[in-house]
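S.K.: give me the fold of what follows.
(one chain, ligands or ions: 2)
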Amino acid sequence: MFSAEMFTGFGSAIGGLVVMWAMFQQYTPPQLQQHVERYTHKLVNLFNPYIRIVFPEFAGEKLKHSEVYMAIQNYLKENATARAKWLKADAVRDSSQSLILSMDDHEEVTDVFEGVKVRWSSNKTTPKNMSLSFYPMTEDRRFYQLTFHQRHRKLITESYVKHILTEGKAIAIKNRQRKLYTNNPSQNWFGYKQTKWSHVVFEHPATFETLAMEPNKKQEIMNDLKKFSEGKEYYTKVGKAWKRGYLLYGPPGTGKSTMIAAMANFLNYNVYDLELTAVKDNTELKKLLIETSSKSIIVIEDIDCSLDLTGQRKTKEKGEDDDDDDENDNPMKKMEKEEKKGSKVTLSGLLNFIDGIWSSCGGERIIIFTTNHVDKLDPALIRRGRMDKHIEMSYCCFEAFKVLARNYLDIDHHPLFTTISGLFDKTKITPADVAENLIPKSNNEDPEIGLRNLIQALEAAEELEVRNKAEEEARAKAKKEEQEKKGNGEMEEVKEIGKSDKK
Ligand SMILES: Nc1ncnc2c1ncn2[C@@H]1O[C@H](COP(=O)(O)OP(=O)(O)OP(=O)(O)O)[C@@H](O)[C@H]1O
Ligand SMILES: [Mg+2]
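M.R.: Numbers count the residues shown, from 1 in each chain. Ligands and ions are numbered 1, 2, ... in the order given. Have a look, this model is predicted:
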């Protein structure tokens, strides 16, 4: 039926059209091109009974992932992916190792709602001026397109879209895997997905039940968190951004990081572990915050070590700009200096981050700082209102020990508990050290071995404390004696001078 000549003719016709289109794009002024495109569009619309709705991936100047887009993505993943032929394997779902599949770019699927058939397609556009960009994929704009017959306009725009959003959000909650995010250095923000945060599945096993601390204090924190998470109306009523700041402070090994994990598990929130040293400046800090989702905990660990934020709201360093002219002449020198200066996040930048205008974008965020040296922090950073609750994580008490004994040895009582309780009154030991002593070295090990290890450690710690105290006292005594001796010597000298004056 089809001859080789026909194919050749058809091929050359297509080829001709392509060449014409390329020439049109190359030689026609952009304004004329826009006109032609607009009128072609109108002409097609005149005969086309189908309506299209476009849902772009990013909302508001590409700052934030659109929630609608995400809901559609979830809905299609769950409901329509099975019918798509071009699929994208996004990730592996934690322990079950099953692939998460979604529609690939330019793929199309159909969906049926109350007997009406609609078409969904996944598309992307690359802005023309970016086609020669160094990072060709950087500015890709993805969107979903919904197409349906105009006679179903009311049903689709009023009921179907609403249905998709509700379903999509419900699916997201059902499949919600909590994530642990860390910020990428900004030189990696460009590229295919432009991600400012990398994530892994958050699977920390710590809970408030396994957290060793004084029970009343623990309950108070849990109540506080619960009140916060249920406080949407309250925050709206008093006109405050729906966020809460916690400062966790205490010596190493007292459970600050463990507490954060327990909080995340308690509230079912994501965790954003913000590494401040990888943030170049305040603008980057803002961008990172905008990309965090609600229902999340933003953590800055060891705030005192992260940056030199203490004490100064970025007073310009002396001589910072002294040799600017020199730098202009020598780019190598400039780069070297930039590198030395490192991060330029300032205290005021961080304060804005916490309670400035940016922190009110979206809600339900908890911000946690941890530190080993609370006294080193600038009071402006930790004043109430910014850090609403200060929690001291301190040495292990007997009540906290009982939690660890239950965690590690599965026991609630033991005759050795009395001895241990007495020792806790006399000495300081961190929960991390207690845990280390209690951990059984083999399966079915007698719990008494762990308890005896702990007693030994407590006695050793007590002995050390007594010895240190005695040494300190001896040093103080020696210093006092020396001062007295020196004072006596000076008195003698004064007397001698007095005598010679009389003569
Ligand atoms: N209060 C606690 N309850 C239960 N386990 C604890 C507690 N404190 C410490 N641990 C145990 O000790 C280990 C170290 O604790 P964690 O990392 O939470 O301490 P940290 O206070 O964050 O220390 P650092 O100041 O060095 O960061 C944890 O893995 C945990 O097993
Ligand atoms: Mg820690």
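
S.K.: got the confidence number for Val238?
M.R.: As predicted, Val238 sits at a pLDDT of 90.

S.K.: and it, how many neighbours does it have?
M.R.: 8 (other Cβ atoms under 10 Å). C-beta coordinates here come from the backbone N, C-alpha and C atoms, glycine included.

S.K.: tell me the contacts of it?
M.R.: Residues in contact with Val238 (Cβ atoms under 8 Å, 6 or more residues apart in numbering): none are found.

S.K.: now the phi/psi pair for it, please.
M.R.: As for Val238, its main-chain torsions (degrees, to the nearest 10) stand at phi -90, psi 0.

S.K.: try Ser442
M.R.: Dihedral angles (degrees, to the nearest 10) for Ser442: phi -150, psi 170.

S.K.: how is the protein carved up into domains?
M.R.: If you go by automatic domain parsing, the domain ranges for the chain are 17-43, 49-176, 181-312+340-392, 395-495.

S.K.: looking at these, spot the one closest to ligand 2.
M.R.: domain 181-312+340-392 (3.3 Å; Cβ to the ion).

S.K.: what about that closest one, start to end distance?
M.R.: One end of domain 181-312+340-392 to the other measures 25 Å (Cα to Cα, to the nearest Å).

S.K.: ok, back up a step: and the domains of the chain, which is most packed in?
M.R.: domain 181-312+340-392 (a mean of 17; mean count of other Cβ atoms under 10 Å).

S.K.: how about it, does it reach ligand 2?
M.R.: Yes. Using Cβ under 5 Å from the ion, domain 181-312+340-392 reaches ligand 2 at Lys256, Ser257.

S.K.: in the protein, spot the helix with the most residues.
M.R.: Identified as the longest helix of the chain according to DSSP state H is helix 447-502.

S.K.: packing partners for it?
M.R.: With contacts taken as 3 or more Cβ pairs under 8 Å, 6 or more residues apart in numbering; DSSP states H and E, helix 447-502 sits against helix 398-409, helix 417-426, helix 431-438.

S.K.: and Ile171, that one's in a strand?
M.R.: No. Counting by DSSP: H, G, I helix; E, B strand; the rest coil, Ile171 is not part of a strand but helix.

S.K.: my read: it touches Glu78, true?
M.R.: Yes. Using Cβ atoms under 8 Å, Ile171 is in contact with Glu78, at 5.1 Å.

S.K.: now Tyr246: phi and psi?
M.R.: The phi/psi pair for Tyr246 (degrees, to the nearest 10) is phi -120, psi 140.

S.K.: show me the beta-bridge partners of it.
M.R.: Beta bridges link Tyr246 to Ile368, Lys389, judged by DSSP bridges.

S.K.: ok, now which ones touch it?
M.R.: Per Cβ under 8 Å, 6+ apart, neighbours of Tyr246: Ile366, Ile367, Ile368, Phe369, Met387, Asp388, Lys389, His390, Ile391.

S.K.: that older thread, orientation of the longest helix of the chain relative to helix 431-438 in degrees?
M.R.: Relative orientation of helix 447-502 versus helix 431-438 (axes from the mean of the first three to the mean of the last three Cα atoms, to 10 degrees): 140 degrees.

S.K.: and helix 447-502 with helix 398-409, angle?
M.R.: 140 degrees.

S.K.: starting at the chain centroid, how far to helix 447-502?
M.R.: The chain centre lies 49 Å from the centre of helix 447-502; the measure is Cα atoms, centre = their mean, to the nearest Å.

S.K.: let's verify Pro251: helix, strand, or coil?
M.R.: Pro251 - assigned by three-state DSSP - is coil.

S.K.: that one against Asn372, yeah?
M.R.: Yes. Judged on Cβ under 8 Å, Pro251 makes contact with Asn372 at a distance of 6.1 Å.

S.K.: report the central residue of this structure.
M.R.: For the chain, the residue nearest the mean C-alpha position is Tyr272 (1.4 Å; Cα atoms, centre = their mean).
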